[in-house]
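J.: Below: sequence and its predicted model.
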Amino acid sequence: MSAHEGLRRAGAHELASAAGAALSVTWRSAPGEVIGQVAMAVAEAAAPVATAWLTKSVLDRLTSPDGAVAGLALGLAAAGLAVAALPGIGRYLRARTSRRAGAEAIDKLFAEVERQVGLRRFEDPVFLDRIRLAQQGAGTTGDLVSNICAGMHGVLSLAGFVGSLLVLSPAMTALVVLAAVPVLVAELLLSRGRATLQFDTEPIHRREFFYGRLLTDVQAATEIRLFGIGAFLRARMMAERREANAAESRMDRHELAAQGGLSVLSAVVAGAGLWWAITAARRGALGVGDVAMFIAAVGGVQAALNTLISSAASAHQRLLIFSHYVAVTRAEPDMPSVATGTAHALRQGIELQDVWFRYSDDHPWVLRGIDLSIPCGRSVALVGLNGAGKSTLIRLLCRMYDPTRGRILWDGVDLRDLPPAALRDRISAVFQDHMNYDMTAAENIGLGDLPALDDVVRIREAALRAGVHETLSELPRGYDTLLTRIFFSEADKGDAETGVVLSGGQWQRLALARALVRDGRDLMILDEPSSGLDPEAEHEVHARIRERRAGRTSLLISHRLSAVRDADHIAVLHDGRIAEQGSHEALIEADGHYARLFRRQAAGYQETR
Ligand SMILES: Nc1ncnc2c1ncn2[C@@H]1O[C@H](COP(=O)(O)OP(=O)(O)OP(=O)(O)O)[C@@H](O)[C@H]1O
């Protein structure tokens with residue numbers, strides 16, 4: 001059995017634990033509504049049984065000479081009112097339970113996802129599928145209680161009608177109840193089939209969603225139009241959709257065939273019962289009231305069994321989906337971490353000792369025995385060709401992954417022995433693939449240090465240092481301008497003041513400002529902080545960065561060697577190893593990789609014709 005196969009099959013134990021988790025979330029978030037639903041289930045079950053008995057009594061009395069029916073008629077009216085009003089109240093309570101439990105479950109789900117220390121889980125497609133199914137499951141957490149109440153309703157009305165039917169014909173009762181067994185088995189099999197299908201088609205829907213999003217993505221729109229690949233992407237999207245549709249249609253056909261057969265079975269049983277009741281009445285063995293009662297009871301038993309079976313099948317399917325929620329919320333962290341303790345201020349430096357790393361056992365080695373020292377208060381630069389492993393090394397420093405072999409020490413303490421949050425709190429960074437948040441300009445900067453989110457002075461200071469203050473001040477609402485067009489309503493879509501779109505270089509400066517607002521941190525990481533800037537801006541940004549880096553611990557990655565030349569120490573990564581290291585002057589003198597790259601770049605800048 002493959003890992004994927006193992007994940008999609010939830011056994012009895014998983015279902016029980018999913019039921020426990022769903023019920024406990026629902027009870028915690030909506031106890032009053034749960035009690036209300038149980039009360040409604042009892043009342044809704046009692047009302048039709050009472051109606052059937054009252055009808056029988058009225059009919060019996062009508063055919064007897066001294067039949068007083070006023071009280072019974074009033075009772076019938078009250079039962080009728082209950083039958084009419086209770087479903088509405090039940091629906092209201094179900095919706096409230098569903099909303100409250102859903103909100104709590106979603107909150108818990110994302111809190112647990114956030115608990116994952118590193119990035120590995122987010123690179124695992126099976127886990128990502130599970131998260132999506134867990135979201136679906138979380139949204140309907142409270143509906144399990146509704147299924148259980150519907151089941152209770154089914155059981156109670158079944159008991160009422162079976163009792164009534166037993167009085168009239170035990171044989172017919174047995175037949176009606178036995179006929180329900182194949183229905184129950186078929187429905188449970190179908191619900192398992194539906195849940196399995198949902199898991200199996202999840203990767204197909206993920207790919208379809210990816211193509212669909214690409215086709216509407218503003219960033220992708222230019223290339224799609226220029227290269228004329230819209231129809232090609234649409235064809236791929238539709239191929240995915242057709243594959244999912246074919247699997248779903250197969251399931252629908254199974255369902256139709258099974259349910260068709262089951263309907264015939266119910267109709268045959270009901271028809272046989274009716275035939276028996278009419279012939280018994282002709283013989284004088286049953287009265288008119290008995291026949292009416294019998295018809296109501298057969299219908300009632302079948303309806304109750306249907307309710308019971310469909311709520312069991314629906315609860316079963318819900319639990320199969322909800323088991324993904326339980327799996328995600330109880331997933332082991334992707335790497336071990338200590339929960340308590342602090343990472344003290346850096347005093348000596350960071351040391352990489354014989355660090356080996358690969359993304360998984362199937363991937364090649366990216367880092368092969370790196371020994372590197374980043375002394376406290378010094379600026380270190382890392383250079384190397386594309387794919388040399390520079391960004392990977394930074395991810396290890398931030399503990400997004402652990403080294404496969406070797407260790408990284410923070411003042412002599414292995415990063416694995418520091419709480420990840422405490423370590424990250426000591427680091428500031430601009431990443432090569434930095435985020436552009438669809439929020440205001442001020443928020444885009446303030447997110448770098450949450451306490452600074454409302455601190456206008458700190459935000460402006462960081463923007464000034466990143467050279468983006470002027471741009472932001474000139475926006476329609478200054479720093480409070482939304483840097484997106486996605487949150488606008490139809491009403492304000494023509495109003496430029498509601499949001500603007502920045503250029504790539506401006507976003508990059510904003511990312512730098514976000515890192516600078518965290519300035520007091522011990523280690524500043526700058527991964528290609530100026531790749532999208534014009535030459536003047538690049539020069540200016542690097543001059544500012546140099547100023548800030550003086551006397552601070554920093555690690556700079558840049559392909560522009562003019563920007564790294566005045567770092568205290570330069571390390572050249574090649575083939576996963578440190579090929580050479582030293583000051584700019586020493587490396588030029590050594591005439592190795594660095595000197596060759598530097599000369600090539602310098603020559604490129606000097607060519608004027
Ligand atoms: N998440 C990942 N899973 C698997 N392999 C990865 C992952 N990220 C990077 N790699 C691989 O690791 C190697 C090093 O990538 P990395 O991004 O660290 O290089 P880099 O030196 O920063 O390159 P560049 O100068 O192009 O930014 C590359 O071969 C890349 O394909």
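T.: Great, that's in hand.
J.: If you drop the residues flanking it in sequence, what lies closest to the single nearest residue of the stretch 1-150 of the chain relative to the ligand?
T.: Scanning the stretch 1-150 of the chain for the residue nearest the ligand gives Glu123, at 5.5 Å (criterion: Cβ to the nearest ligand atom). To be clear about C-beta, it is placed using only N, CA and C from the backbone, and glycine gets the same treatment. Counting by Cβ to Cβ, 6 or more residues apart in numbering, Tyr359 is the residue found nearest to Glu123 once chain neighbours are left out, at 7.7 Å.
J.: Val42 now?
T.: Among residues not flanking Val42 along the chain, Leu156 sits closest, at 6.3 Å (Cβ to Cβ, 6+ apart).
J.: tell me which strands and helices the helix or strand encompassing the one you found is in contact with?
T.: Secondary structure assigned from DSSP states H and E places Leu156 in helix 143-168. Other elements packing on helix 143-168 under the criterion 3 or more Cβ pairs under 8 Å, 6 or more residues apart in numbering; DSSP states H and E are helix 12-29, helix 31-62, helix 70-114, helix 170-216, helix 288-329.
J.: Contacts only, for the closest residue to Arg465 other than its chain neighbours.
T.: Spatial nearest neighbour of Arg465, excluding adjacent residues (Cβ to Cβ, 6+ apart): Leu516 at 5.1 Å. With Cβ atoms under 8 Å, 6 or more residues apart in numbering as the criterion, the residues that contact Leu516 are Ser428, Gly448, Ala462, Arg465, Ala466, Arg548.
J.: May I ask which two of those residues are separated the most?
T.: Gly448 and Arg548 (13.9 Å; Cβ to Cβ).
J.: out of the two, which sits in the busier spot?
T.: Regarding Gly448 and Arg548, a neighbour count based on other Cβ atoms under 10 Å identifies Gly448 as having more, with 25 against 16.
J.: isn't the more buried one right next to Asp519, touching?
T.: No: counting by Cβ atoms under 8 Å, Asp519 is not a contact partner of Gly448; they are 9.0 Å apart.
J.: what residues do these two have in common as contacts?
T.: Any residue near both Gly448 and Asp519 by Cβ under 8 Å, 6+ apart counts here, and that gives Ser428, Ala462.
J.: The residue nearest to Glu123 should be in a strand, yeah?
T.: No: judged by DSSP: H, G, I helix; E, B strand; the rest coil, Tyr359 forms no part of a strand; its state is coil.
J.: need the contact list for it.
T.: Tyr359 makes contact with Glu123, Val366, Tyr401, according to Cβ under 8 Å, 6+ apart.
J.: With the ligand as the reference, measure out to it.
T.: When Cβ to the nearest ligand atom, to the nearest Å is applied, the distance between Tyr359 and the ligand equals 4 Å.
J.: what do you get for Ala258?
T.: For Ala258, the distance to the ligand equals 45 Å [Cβ to the nearest ligand atom].
J.: How about Val383?
T.: 9 Å.
J.: hmm, back to that, could you tell me how many residues sit around the residue nearest to Val42?
T.: The local packing of Leu156 (other Cβ under 10 Å) involves 19 other residues.
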